[in-house]
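*Asks:* kindly generate the corresponding structure for this input.
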Amino acid sequence: MSTTQKYRDYIGSVEVSVEDNVLHGKILHIRDMVTYEADSPKELQAAFEEAVDEYLADCIELGKAPNKPFSGTFNVRVGEALHRESVIKAAECGINLNEFVARALRDKVGNIERQEARPPLAQLRR
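*Replies:* The predicted model follows:
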């Protein structure tokens, strides 16, 4: 059983309350608290989708931008040596460190759509 579900660009949790005999969850990776519950997995997916749609509609009604699950920016602590070697390798590849790290992540994750036709790092190293 998956512990998450997806709809639009949002991810929701899947949890079981044995005491209440109910499935429940919340929209993950946003600052607002949006929850939902249901009696079956199929109903929980529908409740999650309804919660996302209602959240987005409420944001429009309130004139507020909805929280995005991910901004596309994050900080990573890698240590001085790896930082230095990454900058050197990026320069050897003719790209900046940000692009070097983004390509490395794309290569490792592998299942995300590539937004541009840039070669992976392995091809640049040749």
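*Asks:* hang on, residue 36 in a strand?
*Replies:* Yes: counting by DSSP: H, G, I helix; E, B strand; the rest coil, residue 36 is located in a strand.
*Asks:* that one reaches residue 44, doesn't it?
*Replies:* Yes: between residue 36 and residue 44 there is a contact at 7.1 Å, judged by C-beta atoms under 8 Å. For every residue, glycine as well, the C-beta is placed using N, CA and C.
*Asks:* need the overlap of contacts for those two.
*Replies:* Common contacts of residue 36 and residue 44, defined by C-beta atoms under 8 Å, 6 or more residues apart in numbering, comprise 24-25.
*Asks:* okay, domains of the protein per the record?
*Replies:* 4-62, 80-125 (automatic domain parsing).
*Asks:* end to end, how far does the first one reach?
*Replies:* It stands for domain 4-62. Length of domain 4-62, first residue to last, C-alpha to C-alpha, to the nearest Å: 28 Å.
*Asks:* fine by me, thanks again.
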